[in-house]
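Student: Could you look at this predicted model? Sequence included:
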Amino acid sequence: MKKFNKGFALNERSKSKGFTLIELLIVIALLGALAVALLAALDPFEQLKKGTDTGVRNTVAEIQGAIIRYYGVKNQMPWCVASDCTTWRDSLTSQDLPVDGVKASDIPNTIIEISAAGELKADFSTLAGATNMGKIRLFGGNTTLKVEVCYKPTAKSFINDPNTKFLLATGAEAPALTCKGQGGTDLTCLWCIQ
């Protein structure tokens, strides 16, 4: 009888040291719920969009600054072949950039000209990437001496930014409360530097 009691006592002791399967499942379920809540709060896809938009926004600022510096040194816009701007680089045909803007990726010769003047790095287009360059649009021209360099944000926080207020069709500032960043609902608005 003593052996049975000893065995029974050892068995009871070993049971009290571990967790039951139910307890382990409850802990795993709670950890899973916390992980899902954390992912929902952080929204990793939105974070990726923010990162991409930040990169494009920096490229926009670099191009705008380079155009201004180029004009300051050469006294003409970088897309003009001559100072009277009768001939344009990159097959641009009008005196002003088209109404819907020119994609930065469509003006490689102009970017090369700005780089040759020392206002951008020689490999700027490569570093910026073809995808980012395709998202950037230029509005303006030589007659207006005003250039807007813009992009259409994809992250919610940048779409709601008060500076997202330019219409894609014109590059001009939208009427008040049109763009989402101004309290409107239009999602085709651009973030621009003038």
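Tutor: Arrived safely.
Student: lowest-confidence helix or strand of this protein?
Tutor: One helix or strand of the chain scores below all others by mean pLDDT, DSSP states H and E: helix 2-17, with a mean of 55.
Student: what's the helix or strand for the residue most central in space within the chain?
Tutor: Nearest to the centroid of the C-alpha atoms of the chain, with distances taken as CA atoms, centre = their mean, sits residue 53, at 0.9 Å. Here residue 53, judged by DSSP states H and E, is contained in helix 44-74.
Student: sorry, back to before: OK, contacts around the residue nearest to the centre of the chain?
Tutor: By CB atoms under 8 Å, 6 or more residues apart in numbering, the contact set of residue 53 is 151, 153-155, 158. All C-beta spots, glycine's among them, are computed from the backbone N, C-alpha and C.
Student: out of these, which is most surrounded?
Tutor: For those, the largest number of neighbours (other CB atoms under 10 Å) sits with residue 153, at 27 neighbours.
Student: pretty sure that residue is touching residue 187, no?
Tutor: No - if you go by CB atoms under 8 Å, residue 153 and residue 187 don't touch, sitting 9.6 Å apart.
Student: Just give the number of residues close to residue 168.
Tutor: When neighbours are counted by other CB under 10 Å, residue 168 comes out with 17.
Student: ranges for the helices of the chain?
Tutor: Secondary structure of the chain (DSSP state H): helices located at 2-17, 21-42, 44-74, 108-116, 124-128, 130-135, 156-159.
Student: right, so of those helices, which gets closest to residue 165?
Tutor: helix 156-159 (11.1 Å; CB to CB).
Student: Let me know whether residue 165 touches residue 180 as I believe.
Tutor: No - here residue 165 lies out of contact with residue 180, judged by CB under 8 Å, at a distance of 9.4 Å.
Student: These two: which is more packed in?
Tutor: Under the criterion of other CB under 10 Å, the comparison of residue 165 against residue 180 puts residue 165 first, with 23 against 19.
Student: What does the pLDDT read for the more buried one?
Tutor: With respect to pLDDT, residue 165 scores 89.
Student: With adjacent residues omitted, what lies nearest to it?
Tutor: With CB to CB, 6 or more residues apart in numbering as the criterion, residue 165 has its nearest non-adjacent residue at 4.7 Å, and that residue is residue 179.
Student: tell me the contacts of the residue nearest to residue 188 when sequence neighbours are not counted?
Tutor: Using CB to CB, 6+ apart and skipping residues adjacent in sequence, the residue nearest residue 188 is residue 168, 4.8 Å away. With contact set as CB under 8 Å, 6+ apart, residue 168 has these partners: 100-101, 137, 152, 188-190.
Student: hang on, isn't residue 187 packed against residue 159?
Tutor: Yes - here residue 187 reaches residue 159: they are 6.5 Å apart, a contact under CB under 8 Å.
Student: Mutual contacts of these two, please.
Tutor: With CB under 8 Å, 6+ apart as the test, residue 187 and residue 159 both reach residue 180.
Student: Those two - which one has more neighbours?
Tutor: residue 159 (18 against 12).
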